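Asker: what's the 3D shape of this:
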Amino acid sequence: MKHLIERLLCAVLGHRYVVEIEFGTSRKVGCTRCHCKWGMHDDTRSFIPWDSELEAMYRVQGKLP
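Answerer: All right, here's what the predicted structure looks like:
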């Protein structure tokens, strides 16, 4: 129930974004309220959900532990 309320608050008020990891011109961004994660890339101006494929790509490149 708490998670549902947090997601609803983010939908109404917006996310509380924080940068979790920087990779040069890209970064992993998260919300401190609903705990959703995204990948952000400056050059392409893209902002996409952080999923297992994105995680694996950065892990293979050696940018994640």
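Asker: Show me where this structure dips below the pLDDT cut-off.
Answerer: Along the chain, the model assigns pLDDT under 70 to no residue.
Asker: Which parts of it are helices?
Answerer: 2-13, 52-60 (DSSP state H).
Asker: packing partners for the shortest one?
Answerer: The one in question is helix 52-60. Contacts defined by 3 or more Cβ pairs under 8 Å, 6 or more residues apart in numbering; DSSP states H and E place helix 52-60 against no helix or strand at all. C-beta: built from backbone N, CA, C; applies to glycine.
Asker: As PDB, could you dump the C-alpha coordinates of that helix?
Answerer: Taking C-alpha atoms only, helix 52-60 is exported to PDB below (Å, rounded to 0.1, in the frame of the first residue of the first chain):
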ATOM      1  CA  SER A  52      18.200  -5.600 -17.000                       C
ATOM      2  CA  GLU A  53      19.500  -4.900 -20.600                       C
ATOM      3  CA  LEU A  54      20.800  -1.500 -19.700                       C
ATOM      4  CA  GLU A  55      22.300  -2.900 -16.500                       C
ATOM      5  CA  ALA A  56      24.000  -5.700 -18.500                       C
ATOM      6  CA  MET A  57      25.400  -3.200 -21.100                       C
ATOM      7  CA  TYR A  58      27.100  -1.100 -18.400                       C
ATOM      8  CA  ARG A  59      28.300  -4.200 -16.500                       C
ATOM      9  CA  VAL A  60      29.900  -5.600 -19.700                       C
END
